[in-house]
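Asks: sequence? don't have it. structure:
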């Protein structure tokens, strides 16, 4: 499905199971070397395995320049693509006659970041984020962040106006809401533990404007050889089924 809003394409790959009213929404991580033609729907083959319905989302930020491999939904200047995509998706889910309370949003790395922010807009949905970025300003690959800022904003000063697009803590505070989040983290990955999880927990201590809070469950894995890689497909699907009551 392709929806064009203000000249920007928002694309979704949808698989509706007629005999199941649970849904898993997937968000892309980085698109390696842009080898694949866009749109890219990572894990789309899972649709054939899942007994739930599924929707796979494409981040149109990648269309800003063919150099980009990652976009975090940041969009262009005042046009916040991730917000627009989430609100469009909310209408799609309603038309599918599926409740947000029966919806899980899943992603790893940048896809985990997209999923957490999306969970703010899809109030009631659960989020499963695996080795997610939580503050992209701390991400170890600085060139990726610099590239997104270069193509997304006319100036760095413009980017500084939108802190909530770069930090989940700032997004929580802006919207006064924290979705239910299951956060998987590999303790053996410096990129995820030291530069993301620990600063996130420290920043969370200072939140003051949250009106509606759902618990964040941090699930720590110990995988010395796993690095930034997420949990396996079988583990992920089993976990998603569990939180959806399947």
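Replies: Perfect, thanks for sending it. For clarity, every value in this text was computed on a predicted model and none was experimentally measured.
Asks: Please verify my assumption that residue 54 contacts residue 27.
Replies: No. Residue 54 is beyond contact range of residue 27, at 12.0 Å (criterion: C-beta atoms under 8 Å). Backbone N, C-alpha and C define where each C-beta goes, glycine included.
Asks: The two: which has the busier surroundings?
Replies: residue 27 (32 against 25; other C-beta atoms under 10 Å).
Asks: For the more buried one, name its beta-bridge partners.
Replies: In this structure, residue 27 bridges to residue 57 when assessed by DSSP bridges.
Asks: in stretch 98-115, what's buried?
Replies: 98, 100, 102-115 (16 or more other C-beta atoms under 10 Å).
Asks: Closest to residue 66 out of the residues you listed?
Replies: residue 110 (17.5 Å; C-beta to C-beta).
Asks: What backbone torsions are found at that closest one?
Replies: phi -60, psi -30 (degrees, to the nearest 10).
Asks: what sits against it?
Replies: 27-30, 70-72, 132-133 (C-beta atoms under 8 Å, 6 or more residues apart in numbering).
Asks: Which one of those residues is nearest to residue 157?
Replies: For the contacts of residue 110, the nearest to residue 157 is residue 72 (19.2 Å; C-beta to C-beta).
Asks: The closest one belongs to a helix?
Replies: No. Applying DSSP: H, G, I helix; E, B strand; the rest coil, one finds residue 72 to be coil, outside a helix.
Asks: Which pLDDT value does the model give it?
Replies: Note for residue 72: predicted pLDDT of 98.
Asks: do the same with residue 67
Replies: 88.
Asks: Equivalent analysis for residue 33, please.
Replies: Confidence for residue 33, expressed as pLDDT, is 57.
Asks: I'd like to know which elements the longest helix along the chain is packed against.
Replies: Scanning the chain for the helix with the most residues, using DSSP state H, yields helix 81-95. Applying 3 or more C-beta pairs under 8 Å, 6 or more residues apart in numbering; DSSP states H and E, one finds that helix 81-95 makes contact with strand 2-5, strand 8-15, strand 53-57, helix 110-121.
Asks: Which parts of it count as buried, going by neighbours?
Replies: Buried-residue list, helix 81-95, by 16+ other C-beta under 10 Å: 81-86, 88-90, 92-93.
Asks: likewise stretch 186-199?
Replies: 186, 188-189, 191-192, 195-197, 199.
Asks: Among those residues, which lie within helices?
Replies: Those of the buried residues of stretch 186-199 lying in helices (DSSP H): 191-192, 199.
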